[in-house]
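[1] let me see the structure of the following:
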Amino acid sequence: MEKEPLSLYELNALVRQALNESLPDTYWIQAELSDVRSNATGHCYLEFIQKDARGNNLIAKARGTIWANVYRMLKPYFEESTGQAFVSGIKVMVEVTVEFHELYGFSLTVVDIDPTYTLGDMARKRREILKQLEDEGVLTLNKELEMPMLAQRIAVISSSSAAGYGDFCRQLEENPYGFVFYPRLFPALMQGNQVEESVIAALNAVNDHRDDFDVVVIIRGGGATSDLSGFDTYLLAANCAQFPLPIITGIGHERDDTVLDSVAHTRVKTPTAAAQFLITHMHDAALSLEELAQTLISSVSVRMDKEHSRLSELTNRLPLVIKNRTIREGYLLEQLIQRINVGIARSLTNKQHRLMLLEQRVNDASPERLLKRGFSITLKDGKAVTDSAQLKAGDVITTRLAKGEVTSEVK
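    Predicted coordinates:
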C-alpha cells in the first residue's frame, strides 16, 4: 500500500500539537542571555544558551521572546532589583512556555523572571573577584592608607554632565563652616559598557598629578541602577585597590556594595554623602586642631604659672644667696690677700737679700775701698789717667790717696 506523505506544514503542526500536549505548563529554566535586542514595537528577542562548565562550549541553545506587554514590566523590575542591565552575558532564571510555530520553529516565551538568581550569580562573581584580589595581597591596600587630616585637594572622577557632580561641588562650596575645598574634575563615562575603561583612564590621569591631590572621589548620580555592573570588574577594582591616594566612592545605590566599593578606602551612598563625608572630616580635623590649640594655651599658662612661682622663689632666695656668696667670696678674698701679703713679704725679703749682696759687691768695688787698701788714682784735668802715654812733660797731675791728695808736675 502506497504511503501518503506529509507536507512540512503538516509535520510541524504535529510537532506543535505534541509539544502542547506534552509540555502544557510553564517551566522555570536557568540559562545565559545572548543576542538580546528589542524592536520599535517593544518586543524583545533573544537567545538562551548553556555552556559546558569545563570547556565553555555551547551545549544547548533556544530562541526566546518577551512580548512587549511583559517586557515593559519585566525589564525595569529586573534592573531595579539587581542593579544589572538586562543584556547579553548575564545568567537568569526565567519562567517560560514552550512554543513551536510551523513557520518560525521552536522558541521559549518568557512570562516571568527571578532576579534573586541573577543576584546570586553576580554575588558569586563579586566574591570570586574579591577572593582573587585577596590572594594577590591587594584587597585592603587602599583602605590601609591614612586619610589626610586636611583633605581639601580633591580629584573627582565623574561625568561632567552628571547631576551628582553638581550636587557634590555645591555641597562642598556651601558647607556651613566656611571650609575651602579645591575639587578638580577628571571626566569619565559612568554608565554603559565603557565604564571600566573610562574610569581607569581617569585614574591614570590623576596618578600623573597625584602630588597635587589629597583624595580621589568617584561619584555617579542620576544614572540608571542597571548601569552599576561596570563597577563590578576585576581590572577596575585592582586599579583602585592599589591606587596611592585614598578613594571615596559615592555611586548612588542602596543595594550591596559593588566590588569597587569593597576595595575603596571609604564607601558612601551618594555624591552628596561623599561631600558631607569630606566636610565632616574637615570639621573633625578643625575640632582636633582647636583642641590642640586649647591644650597648648592651657599648657603654656600652667608652665608660665610654674615658672613665675619658681622665679618668685628664686627672688626670695636671692638675698640669702647673695649674702652667702658675699661671705664666701669675702673669705676667699681674705685668703687671697693673705697669700698676696705672704708672697709680697717673701718677695721683698728675697729682693732685700739680693740688694744687700749687690750693695756688698758695689762697696767692695768702690774707689774708696780700693784707696784704703793702698791704691791711688791719678787725675789729669779731673779725669783718671790709665796710660802714661796720656801724659807729657809739664803736665800737672793730681794723685788721690785714701787720705788727701798730692799735686805733681811731670818731668
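
[2] element containing Pro5?
    Secondary structure from DSSP states H and E places Pro5 outside every helix and strand.

[3] what's the pLDDT at it?
    Note for Pro5: predicted pLDDT of 90.

[4] any idea how far it lies from Leu11?
    Distance of Pro5 to Leu11, computed by C-beta to C-beta, to the nearest Å: 10 Å. The way it works is simple: take the backbone N, C-alpha and C, and place the C-beta from them, glycine included.

[5] of those two, who's got more company?
    Counted by other C-beta atoms under 10 Å, Pro5 and Leu11 do not tie: Leu11 has more neighbours, with 12 against 7.

[6] helices and strands around the host helix or strand of the more buried one, which ones?
    Per DSSP H and E, Leu11 falls inside helix 8-22. Counting contacts by 3 or more C-beta pairs under 8 Å, 6 or more residues apart in numbering; DSSP states H and E, helix 8-22 packs against strand 91-101.

[7] any buried residues in the strand it packs on, and which?
    Buried residues in strand 91-101, counted by 16 or more other C-beta atoms under 10 Å: 91-96, 98-100.

[8] before we move on, the earlier item: now do the helix holding Leu11, average pLDDT.
    92.

[9] tell me what angle it forms with strand 91-101.
    Angle, helix 8-22 to strand 91-101, by axes from the mean of the first three to the mean of the last three C-alpha atoms, to 10 degrees: 130 degrees.

[10] pull out the buried residues from helix 8-22.
    12, 16.

[11] i'd like the first residue to be 27 from this point on
    All set: I'll call the first residue 27, so the last point we hit is now helix 34-48.

[12] so where's the stretch 227-376 of the chain shaky on pLDDT?
    By pLDDT under 70, the weakly predicted segments of the stretch 227-376 of the chain are 248-253, 278-282.

[13] how about a cut-off of 50?
    The model of the stretch 227-376 of the chain has no residue with pLDDT under 50.

[14] now do the longest strand belonging to the chain: which elements does it pack against?
    For the chain, the strand that runs over the most residues, judged by DSSP state E, is strand 52-64. Here strand 52-64 touches strand 70-77, strand 84-92, strand 117-127, strand 131-139, going by 3+ C-beta pairs under 8 Å, 6+ apart.

[15] the second one pairs with which strands, and in what direction?
    Each strand pairing with strand 84-92, determined using DSSP bridges, is listed with its direction: strand 70-77 (antiparallel), strand 131-139 (parallel).

[16] between the buried residues of strand 117-127, which is nearest Gly356?
    Proximity of the buried residues of strand 117-127 to Gly356 (C-beta to C-beta) peaks at Lys117, which lies at 106.1 Å.
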